[in-house]
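Q: All I have is the shape, not the residue letters:
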């Protein structure tokens, strides 16, 4: 009698355990095979029930077959897509080339008198540019006086481009501690190379002097802020390459670049806003054109050239520093 009661209790507990596991399995909280498969090679799993073992192997084989078929199907679709993409890319290229050639065929001949660019605007630049801007260099008078707003937009584009590159490439100062020396900016280069250092010691001052000359004489001769700024930026890059970031950061670093760029763009905006306001309202401006040919002439063009040169030089140096090291 006692044995029957104990057997009945075991059967009831077994049934309750079964239904409890069933409910958990139905709710996704219980996996019957976890105890067999945990931390073991699936091919070497041994079940007490031989039938369950064969079921497991069959499911595994089916799953593996399905995975292979799926992978082959994906590869086949990728190959088809790649071929279609290549064909469409070629067709699109042919279409664009044909469209551009067709457009070029309708352009006026070079130097033609009836070309659209030969209008009263060009005549105004050539005939009255010297008197109205005071700049001997007609191009400088055009881009920094008649079309100064466009040039300001170009300078802002350079500033925005440098900010975008800074956001993408700048390395966090805290992360620099985890970077090994094998990826430092001086590891793969001749550190303190004597020939390079002495050569740059001679060339860098001359390059910077030439850049400053081109910027300051932009209203008198060919040159200006863009070309002079590019020369100054090249000189700074040569100095940094020769002596490293530690030496270059003593006089040009992130704070200096930010201050120079912000100051140059702000002055440009304020100065030309004043000119636009007085010109649009027919008011007299206290900024004269000066004597054409003198260094202090052409109104604001000299100072705007300086601003543009600063922005271009800082942008070039920033790009080089960020691509090389991830910081300034």
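A: Arrived safely, thanks for sending. Everything numeric here is computed off the predicted structure, so don't read it as measured data.
Q: Flag every buried residue along the helix or strand encompassing residue 204.
A: Residue 204 is located in helix 194-216, with elements delineated by DSSP states H and E. Under the neighbour-count criterion of 16 or more other C-beta atoms under 10 Å, helix 194-216 has 200, 204, 207, 208, 210, 211, 212, 214, 215, 216 buried. The C-beta positions use only the backbone N, C-alpha and C, and glycine is treated the same way.
Q: How about stretch 281-293?
A: Buried residues in stretch 281-293, counted by 16+ other C-beta under 10 Å: 289, 290.
Q: got the contact list for the residue lying closest to residue 311 once chain neighbours are set aside?
A: Nearest residue to residue 311 in three dimensions, chain neighbours excluded: residue 155, at 4.8 Å (C-beta to C-beta, 6 or more residues apart in numbering). With contact taken as C-beta atoms under 8 Å, 6 or more residues apart in numbering, residue 155 is in contact with 264, 265, 268, 307, 308, 311, 312.
Q: cool, and residue 219?
A: Listed by C-beta under 8 Å, 6+ apart, the contact partners of residue 219 are 134, 135, 136, 137, 140, 141, 144, 297, 298, 301, 302, 305.
Q: If we use 6 Å, what do you get?
A: 135, 137, 140, 298, 301, 302 (C-beta atoms under 6 Å, 6 or more residues apart in numbering).
Q: Look up how far residue 233 lies from it.
A: Distance, residue 219 to residue 233, by C-beta to C-beta, to the nearest Å: 21 Å.
Q: same thing with residue 300?
A: According to C-beta to C-beta, residue 300 and residue 233 sit 23 Å apart.
Q: One more: residue 155?
A: Distance from residue 155 to residue 233, by C-beta to C-beta: 14 Å.
Q: So in this protein, where's the weakest helix or strand by average pLDDT?
A: Ranking every helix and strand in the chain by mean pLDDT, DSSP states H and E puts helix 34-37 at the bottom, with a mean of 46.
Q: what stretches of the chain score poorly on pLDDT?
A: 1-71, 172-191, 326-328 (pLDDT under 70).
Q: quick check: domain ranges of it?
A: Using automatic domain parsing, the domain parsing of the chain gives 12-85, 136-325.
Q: Surely residue 233 touches residue 318?
A: No - taking contacts as C-beta atoms under 6 Å, residue 233 lies outside contact range of residue 318: 9.1 Å.
Q: Which of the helices or strands spans the spatially closest residue to residue 230 that is not a sequence neighbour?
A: Spatially, and ignoring its direct neighbours in sequence, residue 230 is nearest to residue 312 (5.9 Å; C-beta to C-beta, 6+ apart). Using DSSP H and E, residue 312 falls within helix 301-325.
Q: Tell me what angle that helix forms with helix 194-216.
A: Note on geometry: by axes from the mean of the first three to the mean of the last three C-alpha atoms, to 10 degrees, helix 301-325 and helix 194-216 are set 150 degrees apart in direction.
Q: Need the residues that contact helix 301-325.
A: With C-beta under 6 Å, 6+ apart as the criterion, helix 301-325 contacts 135, 140, 144, 155, 158, 162, 165, 169, 185, 215, 218-219, 224-226, 228-230, 232-233, 236-237, 257, 260-261, 264, 267-268, 328.
Q: Would you mind checking the contacts of residue 219 for buried ones?
A: Buried among those (16+ other C-beta under 10 Å): 135, 137, 140, 298, 301, 302.
Q: any idea which helix or strand carries the residue nearest to the first one when sequence neighbours are not counted?
A: By the measure of C-beta to C-beta, 6+ apart, the closest residue to residue 135 outside its immediate chain neighbours is residue 141, 3.6 Å from it. Per DSSP H and E: residue 141 is located in helix 138-141.
Q: Counting neighbours, what do you get for the closest residue to residue 203 other than its chain neighbours?
A: Ranked by C-beta to C-beta, 6+ apart and with sequence neighbours excluded, the top spatial neighbour of residue 203 is residue 238, at 6.7 Å. Neighbours of residue 238 under the rule other C-beta atoms under 10 Å: 17.
Q: do residue 171 as well
A: Using other C-beta under 10 Å, residue 171 has 13 neighbouring residues.
Q: quick one: buried residues of stretch 218-236?
A: 218-220, 223-236.
Q: Also stretch 116-130?
A: Those buried within stretch 116-130 under the rule 16+ other C-beta under 10 Å are 125, 129, 130.
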